[in-house]
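>>> Need coordinates for the following:
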Amino acid sequence: MISLDDMMVFTRVVETQSFTKAADQLGIGKARVSQIVTKLEKELNTRLLHRTTRSLSLTDTGLGYYEKCQMIQELATQANTEAQKFSSEPSGLIRISTPIGNATYTNIFSKFLNQYPQVQLDLLESDSYSDLIESRCDIAIRASSALEDSSLYATRIGEFNDILCASPDYIRRFHELKSAQDLLKLDWISHHIVHGDKQLLLKSSQGEVVKLNMKPKVQVRTTNTLKDFLIKHVGFGVLPDFAVKKELASGELVRILPNIHDVTIPLYAVYQNKALMPLKTRTLIDFLKKEGETLKKDAVHKQ
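Numbers count the residues shown, from 1 in each chain. Purely as a prediction, here's the structure:
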């Protein structure tokens, strides 16, 4: 009977295009790799690879066999992952790309760690979108489902509203604001990553969409910097509702034109290879979805 291990050795040779590289990755000798492939061809009674001193290439039969070996490898990995899901607790390091200064998600991550003490988190905090593969992140939390790579997947885990706000001292300099057009009189502190086109897209409580083309007084690249400028009475800005919860409660910031808000922004967990996802990563995504639904219900209840 042909060994599954031998089939996986053959697959690694094809993927690396080299007996030497395959041997290095597998931790066995080059001669042993060559013996396994030769043995496999004898057992199948067919040639799988064309070999020269400089290159390897698949025969037609070899190509078909390699594709089937890939399928078997994926099924075996998936079977092991599924079995581990039911037989072990989540454990190990999860590397996450997340926005800067998001207190809501800090609280959620804390709850997750308390529930799963064998897990460790490494947070890569940035308001810009880092490349998931280059940064070696397991998950990225993003306010967009746009994927820079077709090998990535996105799961919706929640949503938030951007709101218009400023300091009370700044707003007192102006007459009462009645409509979105009145914002053109104010100094706009813009988040460059969010409003790169210098256009403010708003929506009234009646669903009317308003587009304002404005020149920013200041452009920033992090939510915390934007918030600091508002607190120091430099202008008005648009910030996620969860990012200014504390400042609104203390009175440092106030909402302006509360009947107008930015469009509802969905939040996604972006990740690689859905079928082969480790238990720890799947558990975190499920936890984020559950917590996102809870936060949404709480927000609706408080309105």
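>>> can you give me the helices for the stretch 1-150 of the chain?
Ranges of helices in the stretch 1-150 of the chain, per DSSP state H, counting those that start in this stretch, are 4-16, 19-26, 30-44, 60-87, 103-115.
>>> mind giving me JSON lines with those and columns for mean pLDDT, distance to residue 231 and mean neighbour count?
Glycine gets a C-beta too; all of them are placed from N, C-alpha and C. Shown next, in JSON lines, are the helices of the stretch 1-150 of the chain (pLDDT from 0 to 100; distance: least, CB to CB, whole Å; neighbours: other CB atoms under 10 Å):
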{"stretch": "helix 4-16", "mean pLDDT": "91", "distance to residue 231": "54", "mean neighbour count": "18"}
{"stretch": "helix 19-26", "mean pLDDT": "88", "distance to residue 231": "54", "mean neighbour count": "17"}
{"stretch": "helix 30-44", "mean pLDDT": "92", "distance to residue 231": "64", "mean neighbour count": "15"}
{"stretch": "helix 60-87", "mean pLDDT": "83", "distance to residue 231": "46", "mean neighbour count": "13"}
{"stretch": "helix 103-115", "mean pLDDT": "87", "distance to residue 231": "16", "mean neighbour count": "15"}
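>>> Tell me which of those helices sits nearest to residue 211.
helix 103-115 (28.5 Å; CB to CB).
>>> Just the C-alphas of the closest one, formatted as PDB.
The C-alpha trace of helix 103-115 is given here as PDB (Å, rounded to 0.1, in the frame of the first residue of the first chain):
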ATOM      1  CA  ALA A 103     -10.900  50.800  24.300                       C
ATOM      2  CA  THR A 104     -14.000  48.800  23.300                       C
ATOM      3  CA  TYR A 105     -11.800  46.000  21.800                       C
ATOM      4  CA  THR A 106      -9.300  46.200  24.600                       C
ATOM      5  CA  ASN A 107     -12.200  45.300  27.000                       C
ATOM      6  CA  ILE A 108     -13.300  42.500  24.600                       C
ATOM      7  CA  PHE A 109      -9.800  41.100  24.400                       C
ATOM      8  CA  SER A 110      -9.500  41.200  28.200                       C
ATOM      9  CA  LYS A 111     -12.700  39.100  28.500                       C
ATOM     10  CA  PHE A 112     -11.400  36.700  25.900                       C
ATOM     11  CA  LEU A 113      -8.100  36.200  27.700                       C
ATOM     12  CA  ASN A 114      -9.900  35.600  31.000                       C
ATOM     13  CA  GLN A 115     -12.100  33.000  29.400                       C
END
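>>> so where does the closest residue to residue 256 other than its chain neighbours fall, helix or strand?
Nearest non-adjacent residue to residue 256, counting by CB to CB, 6 or more residues apart in numbering: residue 164, 4.9 Å away. Here residue 164 sits within strand 152-166, counting by DSSP states H and E.
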